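S.K.: model this:
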Amino acid sequence: MTREAAPALTARLRTAVHPGAGPCACVCGPLADRPDATVVRHGTTVAKAHAPGTDPRELTLRLTVAARLPGVLLSPLTPAPAHLDDRLVTHWPYGTPVDRDDPDAAPWEETARLLARLHRTPPPEGLPPMRGPAKAAQAISRLRRTLRDRTSTPAPTSTPAPTSAEAAPVLAAWAALPPWARAEASAPGTPALCHGDLHLGQLVRHPAPDGPWRLIDVDDLGVGTPAWDLARPAAWYACGLLPPDEWLRFLTAYQAAGGPAVPEDGDPWPVLDVPARALTVQTAALALTKALTAGRPLDEVERAVVDACARMTGAPAQLDREFPE
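M.R.: Residues are numbered from 1 along each chain as shown. Take a look at the predicted model:
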């Protein structure tokens, strides 16, 4: 199955929802269609085709965790993935996502409380590692491949894409991270049950449209350092992309809910510094890869994270305002 997976997945989901022939009035269509995930909706049901090569045993374990934590994670409709060509497919109830056009609607407190509950839940036996560091390593590998391809097939001089020199600080910031943040060693500290890819796109209201918030997307769920789940908003704040009051709303709510990733009182940055740097590097690597592939300059947000990497002199040294004490 290729990126044209959405039509096949849509047809299969419609058949599952409506076994008989004939038209229906359901709201339906693709929600995402990327090489690593195709998601389609038909009425109140959503089907997701996971990335090629996804381990069926590990995905089933992650589905089991979601089913056992209905107050934190959206519960799957089926206990195990199905097969569609070369992809594993899971089925979920539809939930209303965060309104990206309304920054004031961002559920920072609810997100923090859900994370704290997740992190306090003992991980089940046999659950694989949280995939956050592995995804960061994949982003760096993609950037390096893109740079090699650009070197072997030089772009026209008029192309306003980033240069290899602009990528150098990102690769240097990656090299300065400790091995565990590069998925080369086990994470330090007491392991916890982690989401692995926390951002506002990973929340929905269920039942739609105004039920309680739930975390979605179990692909990266696993055992690891819980600070990683706080690292993306921490990095956004450190890079000036998340207002201080929104960061404090999130952090304070997490601490008040007894989240174990950071101290209940005192400075959280000794714990958050390395994960935040890793997420900044990952974001910058993805931004450079997209810009190089499209032959375009970096936009304002992409430039901010790349510039943040350029200011990194090594972990865990501080970066003025960007990574505060």
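S.K.: Domain-wise, how is this protein divided?
M.R.: Split into domains by automatic domain parsing, the chain comes to 5-94, 103-310.
S.K.: Out of those, which gets the lowest mean score?
M.R.: Across the domains of the chain, the stretch with the lowest average pLDDT is domain 5-94; it has a mean of 88.
S.K.: all helices for the stretch 151-300 of the chain, in order.
M.R.: For the stretch 151-300 of the chain, helices defined by DSSP state H, counting those that start in this stretch occupy the ranges 164-175, 227-238, 244-256, 269-294, 300-310.
S.K.: Centroid-nearest residue for this protein?
M.R.: residue 197 (3.0 Å; CA atoms, centre = their mean).
S.K.: For that one, give me its contacts.
M.R.: By CB atoms under 8 Å, 6 or more residues apart in numbering, residue 197 lies in contact with 131-132, 135, 217, 219-220. (Glycine included, C-beta is placed from N, CA and C.)
S.K.: change it to 7 Å
M.R.: Contacts here follow CB atoms under 7 Å, 6 or more residues apart in numbering; on that basis residue 197 touches 132, 135, 217, 220.
S.K.: between those, which has the most around it?
M.R.: Compared across those, residue 132 has the highest neighbour count, 29 neighbours, by other CB atoms under 10 Å.
S.K.: In a helix, residue 31, correct?
M.R.: No - going by DSSP: H, G, I helix; E, B strand; the rest coil, the assignment for residue 31 is strand, not a helix.
S.K.: Spatially, which residue comes closest to it, not counting chain neighbours?
M.R.: Spatially, and ignoring its direct neighbours in sequence, residue 31 is nearest to residue 39 (4.3 Å; CB to CB, 6 or more residues apart in numbering).
S.K.: Please report how far the one you found lies from residue 52.
M.R.: Distance check for residue 39 against residue 52: by CB to CB, to the nearest Å, it reads 15 Å.
S.K.: Repeat that for residue 215.
M.R.: In terms of CB to CB, residue 215 sits 24 Å off from residue 52.
S.K.: Looking at the two, which one has more neighbours?
M.R.: Set residue 215 next to residue 52 and count neighbours by other CB under 10 Å: residue 215 wins out with 23 against 13.
S.K.: The more buried one touches residue 72, doesn't it?
M.R.: Yes - using CB atoms under 7 Å, residue 215 is in contact with residue 72, at 6.1 Å.
S.K.: which residues do these two both contact?
M.R.: Common neighbours of residue 215 and residue 72 (CB under 7 Å, 6+ apart) are residue 114.
S.K.: Run through the strands of this protein in chain order.
M.R.: For the chain, applying DSSP state E gives strands covering 28-34, 37-42, 45-50, 82-84, 87-93, 96-97, 192-194, 203-205, 213-215, 222-224.
S.K.: and the ones you listed as a markdown table, adding distance to residue 281?
M.R.: Formatted as a markdown table, the strands of the chain follow (distance: least, CB to CB, whole Å):
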| stretch | distance to residue 281 |
| --- | --- |
| strand 28-34 | 21 |
| strand 37-42 | 22 |
| strand 45-50 | 25 |
| strand 82-84 | 34 |
| strand 87-93 | 29 |
| strand 96-97 | 27 |
| strand 192-194 | 19 |
| strand 203-205 | 24 |
| strand 213-215 | 24 |
| strand 222-224 | 17 |
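S.K.: which of those strands sits most buried?
M.R.: With neighbours taken as mean count of other CB atoms under 10 Å, these reach their highest mean count in strand 192-194, at a mean of 25.
S.K.: tell me what that one is packed against?
M.R.: Packing contacts for strand 192-194, counted by 3 or more CB pairs under 7 Å, 6 or more residues apart in numbering; DSSP states H and E, involve helix 108-120, strand 222-224.
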